[in-house]
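Chemist: starting from these lines, generate the structure:
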Amino acid sequence: MAVEWVQDGATHRGQSWRGLVDKAAELIGTDDPELLRMRGSDLQILEYLRIKRGGMQPLINWLHASMQPRDEDVQRSVLHTALARLETCRLIYTTNYDDFIERALRLYGRAVVSIAAEHDLSQHLADTQVVKFHGDFDRPAAMVLSESDYERRMRLESAMDLKLRSDILGRVLLFVGYSFRDANVAYLFRLVHERFGDLPQSFAGKRAYIIYPNPSDFEMQLFNERRIEVIPTSGPDLAQAAASVLDAMALL
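Modeler: Numbering: from 1, shown residues only. Model (predicted):
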């Protein structure tokens, strides 16, 4: 959502999770998605779409068509530019399906490989890796969208899950743009907590951090319980606030 562009005289930005589910409800034939939310969760709405439409392709087609910024639009994103400037960080996991991060890195002059499925692991891994943990538009069969997709990922048994477990070792993690409200990454917080629980502390004393806007004691306590240190930000522009933290890290 940090990328914004103008198309046909209207301003667009990357889709939100809520917008994705609202579109799924529309494809099902429901005028008011809130009526479906009264009956089930967002993931169940997406599962219902899979059943009713025989798959997720109609939603994937819409999502792909609705997210077509130009390169200059991606370059204007302060958050994506800040990610590209983190030159010592060569491993980025994302649950987004778009290619905005890879494009930002390449536009900044960095060599990038995209990994969304097991066969991608044979690529030249000396370059910066962007791991598409929930698949992407180039590999729609690997996209994690419906409730049954998430249930399969929750088993944490696939090649991508094994890679994540391996990549966690010996590294410090930084979460950007996530919260406990995100069903698609809630299990990642749990995994980090479980994996780090039996590991020695890093030299910095922490193994995972999260950039979080205006955290209350509620968020601080829940994240700290999972050994995730909160880096608080403030201000009306959340992307700019997060980018400022990343820019400071790039100078270390």
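
Chemist: surely Leu63 and Gly14 touch.
Modeler: No - contact criterion C-beta atoms under 8 Å: Leu63 and Gly14 do not qualify, at 9.8 Å. Just so you know, the C-beta spots here come from the backbone N, C-alpha and C atoms, and that holds for glycine as well.

Chemist: confidence score at the nearest residue to Asp120 once chain neighbours are set aside?
Modeler: Taking C-beta to C-beta, 6 or more residues apart in numbering, and ignoring the residues beside it in sequence, Asp120 has Ser114 as its nearest neighbour in space, at 6.9 Å. Turning to Ser114, the model gives it a pLDDT of 91.

Chemist: buried set for the host helix or strand of Ser114?
Modeler: In the assignment (DSSP states H and E), Ser114 maps to strand 112-115. The neighbour-count check on strand 112-115 (16 or more other C-beta atoms under 10 Å) flags Val112, Val113, Ser114, Ile115 as buried.

Chemist: and it, how far out from the chain middle?
Modeler: Relative to the mean C-alpha coordinate of its chain, strand 112-115 is positioned 15 Å out (C-alpha atoms, centre = their mean, to the nearest Å).

Chemist: what packs against the very next helix or strand once past that strand?
Modeler: Along the chain past strand 112-115, the next helix or strand (assigned with DSSP H and E) turns out to be strand 128-132. Taking 3 or more C-beta pairs under 8 Å, 6 or more residues apart in numbering; DSSP states H and E as contact, the helices and strands that strand 128-132 lies on are strand 91-94, helix 100-107, strand 112-115, helix 159-168.

Chemist: contacting residues for Met249?
Modeler: Under the criterion of C-beta atoms under 8 Å, 6 or more residues apart in numbering, the contact partners of Met249 comprise Leu86.

Chemist: sorry, back to before: which pair in the buried residues of strand 112-115 has the greatest spatial separation?
Modeler: Val112 and Ile115 (10.2 Å; C-beta to C-beta).

Chemist: low-confidence ranges, the stretch 51-200 of the chain, go.
Modeler: The stretch 51-200 of the chain contains residues with pLDDT under 70 at 180, 182-187, 189, 191-192, 195-200.

Chemist: still on that earlier bit, quick one: closest of the helices and strands packed on strand 128-132 to Met38.
Modeler: Across these, Met38 has its closest neighbour in strand 91-94 (31.1 Å, C-beta to C-beta).

Chemist: which stretches in the stretch 101-250 of the chain count as helices?
Modeler: 147-154, 159-168, 186-197, 217-225, 238-250 (DSSP state H, counting those that start in this stretch).

Chemist: any chance of these in TSV, plus distance to Phe100?
Modeler: Rendered in TSV, the data for those read as follows (distance: least, C-beta to C-beta, whole Å):
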stretch	distance to Phe100
helix 147-154	22
helix 159-168	20
helix 186-197	20
helix 217-225	26
helix 238-250	12
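
Chemist: out of these, which comes closest to Leu91?
Modeler: With respect to Leu91, and counting by C-beta to C-beta, the nearest of these is helix 159-168 at 6.2 Å.

Chemist: Ser16 - how many residues pack around it?
Modeler: Ser16 has 10 neighbours, counted by other C-beta atoms under 10 Å.

Chemist: what's the separation between it and Thr95?
Modeler: Counting by C-beta to C-beta, to the nearest Å, the gap from Ser16 to Thr95 is 13 Å.

Chemist: if we can go back for a sec, isn't the residue nearest to Asp120 right up against Lys132?
Modeler: Yes - counting by C-beta under 8 Å, Lys132 is a contact partner of Ser114 at 6.2 Å.

Chemist: tell me which of the helices and strands packed on strand 128-132 sits nearest to Arg76.
Modeler: Ranked by C-beta to C-beta, the member of these that lies closest to Arg76 is helix 100-107, at 10.2 Å.
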